[in-house]
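Novice: Based on what follows, work out the 3D shape:
(chains A and B, ligands or ions: 1)
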Amino acid sequence: MSDDPQKKMTPYTVPIGPTHPALKEPVMFTFQMNGEQILKADFAPGQTHRGIEWMGMRRNPVQIVHLTDRICGICGVSHSLAFARAMEQIMEIEVPERADYVRTIIAEFERIQSHLLWAGVAAHELGFDTLLHLTWRVREQAMDTIELLTGNRVNYGIIQVGGVRRDFTPDQFPAIEETLQYYSDLKSKLLKIFLEDKTIQMRCRDCGVLSYDDALKLCTVGPTARASGLNMDVRVDYPFAAYGDLAIEPILPDAYMGETRGDVFDRIVVRLLEVDQSVDIIRQCLDRMPAGEVIAEPKLAKLLNQFKKAHGEALGRHEAPRGEVLHYVRMDGKEHPTSWKVKASSYSNLMSWIPMLEGEQIADIPIIVASIDPCLSCTDRVAVVRSGERGIMTKEELHRLSVEKTRRLSA
Amino acid sequence: MKLTKSFNRSLWAFHFNSGSCNGCEIEIVAAITPRYDPERFGIKLVGSPKHADILLVTGPVVKKMRDRLERVYQQMPDPKVVMCVGACGTSGGPFYDSYNLDGPVDDVIPVDVYVQGCPPRPEAIIHGVVVAQQKLERLEGEKA
Ligand code: SF4
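Specialist: Residues are numbered from 1 along each chain as shown, chains lettered A, B, ... in the order given. A predicted model of the protein is given here:
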C-alpha cells in the first residue's frame, strides 16, 4: 500500500452494466466496494424500455394478446394469461372448462422449461458448464412438448380472450405422458447433482441470504419469496384457471431440507422441487380434463365487437415461473383499452438484490444476481475505478473470478 | 471468378441484446447447447466483440441501446458479418410503432444476414450462421 492518503480510496465504486446480453431488463449496477466486499449495492433498471403498454393502448385486445407473449420470451404464456383473465372479468366471459385445463397444462410446462433454464444459467454462473449443458439438454424435452401442443417453442400464442386457440388432440396425450415420465425419472438425478454436489453447496449455502422479514417487507414474490420461507403462491391463494380443482401446496425449502435459510441454495431447492410439482399438476389436470369447447367466442369479428361494448376495470393475476404477474386493464367502450398496467414478477423481486448483495464478495455477484432469476447470466462490462485509474473488467473476467472462487473452494 | 480463400479458423460469435423480449436469446442459447452442439465445428459464443467474427443482434434497438450497438460494432475486427436474429430487429416486428425505437437494426449498422421468425428456431439460427460464414469466406477471398 502506498502512503499517499489520496490513493487509499476505499471504499471504491464498481459499476456493472448496463448492457447485459442475456437479461430482459438490462440493469446498471453500482457497487461500493471495500476490497472484495460489497458495502452498498444500487441499480437502475429500464434500459430496454419498449413502451409495450403505450403500444397496447393503441391496439385491440386480440392483438395485445400477441404483444403480451413478447413482454418476456421465457414467460410466453404467463402475461397473456393474466391479461386475458383481466379482459374476461371486464367482459364477464365464462371461459370453457376445457380451456382452463389447457391453459393450466401449458403454464406448468412453461414452469418446467423456465426452471430448468434457470438451473442451467445458475450452474454456468458457478463455472459448472457441464451442468449448464446437461440441464439445457433435458429442457429440450419440455420445449418439444410445448411445440407439439401449441405449434411454437417460444411465444406460443395459445391464449385468446375467452379461451385458447388450439385444443389438444387425442394423439398428443401419449407424448405428454412420455414427457411427464421423463421428468419423473429425472427428478432424483437432478436433485442429486444439484443438492449433493460439494461445490454447489460451498458456493450457495449461506450466500445471498434474504431473511423472512426482508422478503416480506420488499414484497418479494414467487420462488424467491418461498425460498425465504414465505408461504405464498397465487395458484393456491387466489386460484384461477383450473388450479382451484387441484391439490397444490406451495413448495417451501424446509419441507425438503429441514430448515429455511433463505440463501441461494434454498432457491435452487425450491425451483427444482417445483419442476416435480408441475409434473404432478399436469398429471392431475390430465385425469380431470373435461371434454368440450376451448373458446367462448370463436368468431373474431364478434369478439372485437364485444370489446367495443366493454366497460369496466379488472385485475388479472397469474403465478409465473418467477412469481406473481399482475395486469390491470380498463376498458371504456372502445376497441382498445384506455389503461393497461403490467407488473411483471421480476419487477417485484429486483429490490431483494440489495439485502442479498450487501456484505457478499465481488465473485458472488453473478450467482446472487442470477438467483432471483432475472435471467441475468451475462454481465457485459465492469469498469473498476480504483485510485482514480479506470480499468475495464469484461463479463468474462467477472465470470473468471467466479470460476476461480469455485476452484479455490474445491481445492 | 477468383477462388475464395477458405475461412480457416473457428467461427466465433458475439451476441448483443438491443432490447429484445428474450425469446431470441434463449433460442440462441438453445442452438449452442448439446442438441445441436455447433461447437463441434468451432462455432461458439464469446464474451467480447473484439474476439468475434459474427455479431448476432437481437431486439428492435431501443434508444438507449443505439450507441452501445454502434460501439460494439466498431470494436469488432474485420472481416465481420452482422446477423440480425428475429423479426423485431428486422422490421420492428411486434414493436413496430413504439416511440422508443431507433431501429430496426439496419438503420443503425449494416446487416448482412437476416434470420426470420419471432423467435426463429435454433435450426434457422444455425443456418443463418452458415450463410454468414459464406459471406466471411468471400470477404476473406477478396482481401487476398
Ligand atoms: S423477434 Fe420476437 S422473439 Fe425475438 S426478440 Fe423480437 S419479439 Fe422477441
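
Novice: By proximity to the ligand, which residue of chain A wins?
Specialist: Residue nearest to the ligand within chain A: residue A:70 (4.2 Å; CB to the nearest ligand atom). Quick note: C-beta positions are derived from backbone N, CA and C, even for glycine.

Novice: mind pulling up the phi and psi values for that residue?
Specialist: With angles defined as degrees, to the nearest 10, residue A:70 sits at phi -100, psi 20.

Novice: mind checking pLDDT for it?
Specialist: If you check residue A:70, the pLDDT there is 83.

Novice: residues contacting it?
Specialist: For residue A:70, the contact set (CB atoms under 8 Å, 6 or more residues apart in numbering or on different chains) comprises A:52, A:155, B:21, B:23, B:88, B:94, B:95, B:118.

Novice: same question, residue A:341
Specialist: If you count contacts by CB under 8 Å, 6+ apart, then residue A:341 has A:53, A:327, A:328 around it.

Novice: Pass me the low-pLDDT residue ranges in the chain, would you?
Specialist: Just going to use chain A. A:1-10, A:17-27, A:44-48, A:374-398, A:410-411 (pLDDT under 70).

Novice: my bad, chain B
Specialist: Applying pLDDT under 70 to chain B flags residues B:1-7, B:144.

Novice: Flag every residue of it that's near the ligand.
Specialist: For chain B, the contact set with the ligand under CB under 6 Å from any ligand atom comprises B:20-21, B:23-24, B:58-59, B:86-88, B:93-94, B:118-119.

Novice: now, which of those residues sits nearest residue A:347?
Specialist: residue B:21 (15.2 Å; CB to CB).

Novice: Tell me how far that closest one lies from residue A:185.
Specialist: Residue B:21 is 33 Å from residue A:185, where distance means CB to CB, to the nearest Å.

Novice: go on, residue A:317?
Specialist: Distance from residue A:317 to residue A:185, by CB to CB: 33 Å.

Novice: between these two, who's got more neighbours?
Specialist: Neighbours per residue (other CB atoms under 10 Å in any protein chain shown) separate residue A:317 from residue A:185, with residue A:317 holding more: 19 against 9.

Novice: Wait, residue A:150 touches residue A:159, no?
Specialist: No - using CB atoms under 8 Å as the test, residue A:150 is too far from residue A:159 to be in contact (9.7 Å).

Novice: Looking at these two, which is more packed in?
Specialist: Using other CB under 10 Å, the more surrounded residue of residue A:150 and residue A:159 is residue A:159, with 29 against 23.

Novice: Please identify which helix or strand holds residue A:401.
Specialist: According to DSSP states H and E, residue A:401 maps onto helix A:395-410.

Novice: Residue A:296: neighbour count?
Specialist: Residues near residue A:296, counting by other CB under 10 Å, number 18.

Novice: Need the phi and psi values for it.
Specialist: Backbone dihedrals for residue A:296, given as degrees, to the nearest 10, come out at phi -70, psi -40.

Novice: How about the contacts made by it?
Specialist: Shown in contact with residue A:296 (CB under 8 Å, 6+ apart): A:93, A:94, A:95, A:96, A:99, A:162, A:163.

Novice: swap in residue A:304?
Specialist: A:60, A:62, A:335.

Novice: ok, now residue B:118?
Specialist: Applying CB under 8 Å, 6+ apart, one finds that residue B:118 lies in contact with A:70, A:155, B:23, B:86, B:87, B:88, B:93, B:94.

Novice: quick one: which of the residues you listed is nearest residue A:242?
Specialist: Residue A:242 has its nearest neighbour among the contacts of residue B:118 in residue A:155, at 22.5 Å by CB to CB.

Novice: helix/strand/coil for that closest one?
Specialist: Recorded secondary structure, residue A:155: coil (DSSP: H, G, I helix; E, B strand; the rest coil).

Novice: I'd say it and residue B:117 touch.
Specialist: No - using CB under 8 Å as the test, residue A:155 is too far from residue B:117 to be in contact (9.8 Å).

Novice: what's the burial count for residue 128?
Specialist: I'll assume chain A. 21.

Novice: oops, chain B please
Specialist: So residue B:128, with other CB under 10 Å, has 23 neighbours.

Novice: With residue A:239 instead?
Specialist: Here the number of neighbours of residue A:239 (other CB under 10 Å) works out to 15.

Novice: quick check, it in a strand?
Specialist: No - according to three-state DSSP, residue A:239 belongs to no strand; its state is coil.

Novice: Next, give phi and psi for it.
Specialist: phi -60, psi 140.

Novice: Tell me the spacing between it and residue A:100.
Specialist: 10 Å.

Novice: Next: residue A:218.
Specialist: Here the criterion is CB to CB. By it, residue A:218 lies 32 Å from residue A:100.

Novice: Let's check: the centremost residue of chain A is which one?
Specialist: With distances taken as CA atoms, centre = their mean, residue A:322 lies nearest the centre of chain A, 2.9 Å away.

Novice: on that earlier part again, how about the contacts of residue A:304 in JSON lines, adding distance to residue B:108, neighbour count and secondary structure?
Specialist: Formatted as JSON lines, these follow (distance: CB to CB, whole Å; neighbours: other CB atoms under 10 Å in any protein chain shown; DSSP: H, G, I helix; E, B strand; the rest coil):
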{"residue": "A:60", "distance to residue B:108": "31", "neighbour count": "18", "secondary structure": "coil"}
{"residue": "A:62", "distance to residue B:108": "32", "neighbour count": "15", "secondary structure": "helix"}
{"residue": "A:335", "distance to residue B:108": "34", "neighbour count": "16", "secondary structure": "coil"}
